[in-house]
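Chemist: 3D model of this:
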Amino acid sequence: MIGFKIEGLAGLEEMLVELEQFTGRTTTGKNAVQRGMIKAMAHIENRAKVLAPVDEGRLRNSITTKKVRAKRESRKRFARETGIEVRTRPAGKGSGVAYWQEYGTVNAPAHPFMRPAADAESDTVIGEVATLLRSEIEKSLARVKKRAGKKG
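Modeler: Below you'll find the model as predicted:
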């Protein structure tokens, strides 16, 4: 398991609580955190696109950063998750060859691009997470306060 220490998160929880009190919803804060995480992960996405082997460019173009949606448990229920998960990976058209490029086959050598991108950019991502989260939460809080001022 890989462990990280992220500093600079002091005060973020209080800001999220204030945001929830203004809006009456937890989704506003959750969306702000997701936006900050997606912006931080853009470093890995961009590096992976540079390192990805290019034939027609479909693999490179399939690399995206997105939030992970709740998984369906049954026809009517979704798994309840309180955390936020963001992934950078190949998805959609062109992503079918990603595994074979990353790890190789018996007949073709590996051409890793995702792991080297994550290794190269992880320090940058970790260093920026706190700043980007704070920025996105502050923007959301300012928008909510501005709307509340217009209504009152």
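
Chemist: for residue 95, give me its contacts.
Modeler: 59, 62, 89 (Cβ atoms under 8 Å, 6 or more residues apart in numbering). C-beta coordinates here come from the backbone N, C-alpha and C atoms, glycine included.

Chemist: that one and residue 13, how far apart?
Modeler: According to Cβ to Cβ, to the nearest Å, residue 95 stands 36 Å off from residue 13.

Chemist: before we move on, back to that, can you flag the buried ones in the contacts of residue 95?
Modeler: 59, 62 (16 or more other Cβ atoms under 10 Å).

Chemist: can you give me the buried ones in the host helix or strand of residue 98?
Modeler: Remark: residue 98 resides in helix 98-103, with elements defined by DSSP states H and E. With burial defined by 16+ other Cβ under 10 Å, the residues of helix 98-103 counted as buried are 98, 101-102.

Chemist: could I get the residues you listed in JSON lines, plus columns for pLDDT and distance to residue 132?
Modeler: As requested, these are exported to JSON lines (pLDDT from 0 to 100; distance: Cβ to Cβ, whole Å):
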{"residue": "98", "pLDDT": "88", "distance to residue 132": "26"}
{"residue": "101", "pLDDT": "89", "distance to residue 132": "30"}
{"residue": "102", "pLDDT": "90", "distance to residue 132": "27"}
